[in-house]
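K.L.:
any chance you can model this:
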Amino acid sequence: MASKNPSYRIILGSSSKARKQILAEMGYEFTIMTVDIDEKSIRREKPEDLVVALAEAKADAIVQRLLNDGQLEADASTTLLITADTVVVYRGIIREKPTSEKEAREFVKGYSGSHAAVVGSVVVTNLVTGKRYGGWEGAEVYFLEIPDEEILVKPNTI
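P.N.:
Numbers count the residues shown, from 1 in each chain. Okay, the predicted model is just below:
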């Protein structure tokens with residue numbers, strides 16, 4: 001399949017396998033650049049505001065790294081930076097990525113026979129013009145009963 005983006009570059013600011021797969025399956029060529037930001041220091045009351053703020057913070061950190069490395073000045077071609085974030089809202093509490101296998105199992109067990117809202121954001125930054133566009137979307141997910149023996153967490157993925 002021919003590349004869909006011969007006149008511009010894409011940087012995916014995410015280590016998410018799902019996000020990588022989406023771009024790859026759509027035929028886009030891209031590079032991956034991730035940063036470690038202190039996500040816990042960024043708090044918002046509304047999940048919609050939180051996911052956008054986190055995606056923007058990731059974009060800001062990547063732009064800063066590119067500036068520090070002198071990569072923005074060296075490349076005059078149009079480059080789009082895509083960052084994103086997702087949270088789950090369960091019983092009114094915002095849940096971010098679990099921090100352990102135990103917590104992941106507890107999250108899934110809690111969803112059994114219940115429902116949760118998933119809120120995700122995407123922010124696209126044009127690294128040449130500095131223009132940035134983003135937004136969020138939400139969905140309600142309903143779960144059947146999940147037997148304990150069906151709750152599997154792949155080791156070393158958290």
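
K.L.:
scan this protein for its longest helix.
P.N.:
Longest helix in the chain, counting residues (DSSP state H): helix 47-68.

K.L.:
so what touches that one?
P.N.:
Applying CB atoms under 8 Å, 6 or more residues apart in numbering, the external contacts of helix 47-68 come out as 11, 13-14, 33, 35, 37, 39, 42-44, 72, 81, 83-87, 89, 94, 117, 119-123, 125, 127, 132, 134-136, 138. All C-beta spots, glycine's among them, are computed from the backbone N, C-alpha and C.

K.L.:
for it, which positions count as buried?
P.N.:
By 16 or more other CB atoms under 10 Å, the buried positions in helix 47-68 come out as 47-48, 50-63, 66.

K.L.:
got the CA coordinates for it in CSV?
P.N.:
Extracted in CSV, the C-alpha atoms of helix 47-68 (Å, rounded to 0.1, in the frame of the first residue of the first chain):
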residue,chain,number,x,y,z
PRO,A,47,-13.0,13.9,32.5
GLU,A,48,-13.5,15.7,29.2
ASP,A,49,-11.2,18.6,30.4
LEU,A,50,-8.7,16.1,31.9
VAL,A,51,-8.1,14.1,28.7
VAL,A,52,-7.7,17.2,26.6
ALA,A,53,-5.3,18.7,29.2
LEU,A,54,-3.2,15.5,29.3
ALA,A,55,-3.0,15.3,25.5
GLU,A,56,-2.0,19.0,25.3
ALA,A,57,0.7,18.4,28.0
LYS,A,58,2.1,15.5,26.1
ALA,A,59,2.2,17.7,22.9
ASP,A,60,3.9,20.5,24.8
ALA,A,61,6.5,18.2,26.2
ILE,A,62,7.3,16.7,22.8
VAL,A,63,7.5,20.1,21.2
GLN,A,64,9.9,21.2,23.9
ARG,A,65,12.1,18.1,23.4
LEU,A,66,12.2,18.8,19.6
LEU,A,67,13.2,22.4,20.2
ASN,A,68,15.9,21.4,22.7
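
K.L.:
now do that helix, average pLDDT.
P.N.:
Across helix 47-68, pLDDT averages out at 96.

K.L.:
equivalent analysis for stretch 96-111, please.
P.N.:
On average, stretch 96-111 scores 94.

K.L.:
so which residues make contact with it?
P.N.:
Residues outside stretch 96-111 that contact it (CB under 8 Å, 6+ apart): 39, 87-88, 90, 95, 141, 143, 146, 148, 151, 153, 155, 158.

K.L.:
most neighbours, which of the residues you listed?
P.N.:
In terms of neighbours by other CB atoms under 10 Å, the contacts of stretch 96-111 top out with Val87 at 21 neighbours.
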